[in-house]
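# okay, predicted coordinates and the sequence, questions at the end:
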Amino acid sequence: MINTTSYTVNLSSYSIGADAYKQIPYAARFLGKKVVAIGGKTALSKAKAAIIEGIAGSDIEILDFVWYGGECTHENSHMLMELPQVQQADILFAVGGGRAIDTVKYAAHLMDKPLFTFPTVGSNCAAFSAQAIMYYPGGSYRGNFPTKPCNHCFINSAIIADSPEPLFWAGIGDALSKEFEVVFATQDDQFFHTTLLGQQISRVCTAPILENGKKALDDFRAHRNSFELIQVILDIIISTGLASNLTTTADNSYYYNSMLAHCVYYGSTVTKKGHNHLHGEVVALGTLVQVAYAGDMEMMRKLMKFNYSIGLPVCFDDIEIEEDEFETMYEKFKTSAGWKHKPKCVSKEHFFEIMKEVNRLGRAYKASQEQ
């Protein structure tokens, strides 16, 4: 759609490197002095010393380090908002992975407080995107909720390189979906500047993963802070986050950020065993479905080969989902923003057909590689 009204686009800034936290005082100079750091228990334990070191010699005061509650729910966001130290803070620090950051992001949005994000894992673009993916207390998907983007993102590559390997591995799978979902989602509409910019940024999300992903994963395992690792971290957090922010809007007049790949993930959260698998792990399989639905079987086979090379899923067996659960998945993912804004060519029946076809092709590919 074409936007002819007045509007504002807020783009976040970021710092990356082993000493990225030393930029905190500069980034905070116009925003305030009192802060609360909120995040996961492990994330806070890993980042606390570096944050304290980063603000040393400045006038920034850390009021507290607070656990976010363990799940990204409305209930936990509101719990944080009731804490006196959070209410007193000028700036909220969101520390950890996607669920911790989104919990704090949602609270900061409702409280209209400045937000700094400190991703401690390279698993998704939550630290940079302007939306929170929320869940019910039981863990099933609740919905995507628009938020303001962070004011600044601090990516300490040394901390990320010391994070759990499965999260970085799954982050590679998540980032690989961005171009294919955005380009597919925008096919029916006429662009204006913001959405065109978002689509073009999405197009630079694939090559760095395919070119550097395997080497980056090897370097991650060896704790090497390499060029390839940095490129992939930036792809996962920044490139996909920028594309996300430019392809969504708070009033839901358009939504191009996610499509069929993420529908597979949202549906997996209500299956018997699929919900036990990581977000990006499931999305990696969803991307194969997404690309196959678009009719680009050559690219689908290229991505399947890449997935297999680093252990990402190539069929639904790999994420423990049976084909007779597709209907249950549909009942969940049909409520997602991506499905609600799907192009005219998308139907439930054809989506199921493609899911089954990818499952068949993935099983055959695995069999051919394991002979």
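Structure received. Since the structure is predicted, the reported quantities are computational estimates derived from the model, not experimental observations. Numbering: from 1, shown residues only.
# where's Ile62 relative to Lys22, distance?
Distance of Ile62 to Lys22, computed by C-beta to C-beta, to the nearest Å: 15 Å. The way it works is simple: take the backbone N, C-alpha and C, and place the C-beta from them, glycine included.
# and the helices in the stretch 51-200 of the chain?
Counting by DSSP state H, counting those that start in this stretch, the stretch 51-200 of the chain has these helices, from start to end: 74-81, 84-88, 98-111, 157-161, 165-175, 178-185, 193-202.
# for Glu325, find the nearest of these.
helix 165-175 (20.3 Å; C-beta to C-beta).
# quick one on the thing from earlier: Val358 is nearest to which of the helices of the stretch 51-200 of the chain?
helix 178-185 (13.2 Å).
# that closest one packs against which elements?
Applying 3 or more C-beta pairs under 8 Å, 6 or more residues apart in numbering; DSSP states H and E, one finds that helix 178-185 makes contact with helix 193-202, helix 240-246, helix 260-268, helix 279-293.
# show me what the shortest one is in contact with.
This points to helix 240-246. The contact list for helix 240-246 (C-beta atoms under 8 Å, 6 or more residues apart in numbering) reads 9-12, 124-131, 149, 153, 174-175, 178, 182, 194-195, 197-199, 201-202, 205, 257.
# where in the stretch 1-150 of the chain is pLDDT low?
Counting by pLDDT under 70, the stretch 1-150 of the chain has low-confidence residues at 1-4.
# again, only this time at 80
1-5 (pLDDT under 80).
# between the helices of the stretch 51-200 of the chain, which gets nearest to Phe351?
Phe351 sits nearest to helix 178-185 of all the helices of the stretch 51-200 of the chain, at 12.2 Å, using C-beta to C-beta.
# can I get that closest one in CSV, CA atoms only?
Only the C-alpha atoms of helix 178-185 are listed here, as CSV (Å, rounded to 0.1, in the frame of the first residue of the first chain):
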residue,chain,number,x,y,z
LYS,A,178,14.1,-12.7,6.3
GLU,A,179,14.6,-12.0,2.6
PHE,A,180,12.3,-14.8,1.5
GLU,A,181,9.4,-13.8,3.8
VAL,A,182,9.6,-10.1,3.1
VAL,A,183,9.9,-10.4,-0.7
PHE,A,184,7.1,-12.9,-0.8
ALA,A,185,4.8,-10.8,1.6
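# what angle separates that helix from helix 260-268?
Counting by axes from the mean of the first three to the mean of the last three C-alpha atoms, to 10 degrees, helix 178-185 lies at 100 degrees to helix 260-268.
# kindly calculate the angle that helix 178-185 makes with helix 193-202.
For helix 178-185 against helix 193-202, the angle between stretch directions is 140 degrees (the same axes, to 10 degrees).
# mean confidence for helix 178-185?
In this model, helix 178-185 has a mean pLDDT of 96.
# tell me the angle it makes with helix 279-293.
40 degrees.
# give me the contacts around helix 178-185.
If you take C-beta under 8 Å, 6+ apart as the criterion, helix 178-185 is touched by 198-199, 202-206, 239-240, 243-244, 247, 255-262, 287, 290-291, 293-294, 299, 338, 341-343.
# out of the helices of the stretch 51-200 of the chain, which comes closest to Arg221?
helix 165-175 (6.2 Å).
# for Gly295, helix, strand, or coil?
Assigned with DSSP: H, G, I helix; E, B strand; the rest coil, Gly295 falls in the coil class.
# how about the helices in the stretch 251-371 of the chain?
Under the criterion DSSP H, counting those that start in this stretch, helices of the stretch 251-371 of the chain are mapped to 260-268, 279-293, 297-310, 326-333, 337-340, 348-369.
# with distance to Met81 and mean neighbour count added, can I get the ones you listed in TSV?
Below are the helices of the stretch 251-371 of the chain laid out as TSV (distance: least, C-beta to C-beta, whole Å; neighbours: other C-beta atoms under 10 Å):
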stretch	distance to Met81	mean neighbour count
helix 260-268	26	28
helix 279-293	25	28
helix 297-310	40	17
helix 326-333	28	17
helix 337-340	24	18
helix 348-369	38	16
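# out of those, nearest to Ala56?
helix 279-293 (34.8 Å).
# please save the CA atoms from the closest one in PDB.
The C-alpha atoms that make up helix 279-293 are tabulated as PDB, following Å, rounded to 0.1, in the frame of the first residue of the first chain:
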ATOM      1  CA  HIS A 279      12.500 -20.700  17.400                       C
ATOM      2  CA  GLY A 280      15.200 -20.300  14.700                       C
ATOM      3  CA  GLU A 281      15.500 -24.100  14.300                       C
ATOM      4  CA  VAL A 282      11.800 -24.400  13.400                       C
ATOM      5  CA  VAL A 283      11.900 -21.200  11.200                       C
ATOM      6  CA  ALA A 284      14.800 -22.800   9.200                       C
ATOM      7  CA  LEU A 285      12.500 -25.500   8.200                       C
ATOM      8  CA  GLY A 286       9.700 -23.000   7.600                       C
ATOM      9  CA  THR A 287      12.000 -21.200   5.200                       C
ATOM     10  CA  LEU A 288      12.200 -24.200   3.000                       C
ATOM     11  CA  VAL A 289       8.400 -24.300   2.900                       C
ATOM     12  CA  GLN A 290       8.300 -20.600   2.200                       C
ATOM     13  CA  VAL A 291      10.700 -20.800  -0.700                       C
ATOM     14  CA  ALA A 292       9.000 -23.900  -2.100                       C
ATOM     15  CA  TYR A 293       5.600 -22.100  -1.900                       C
END
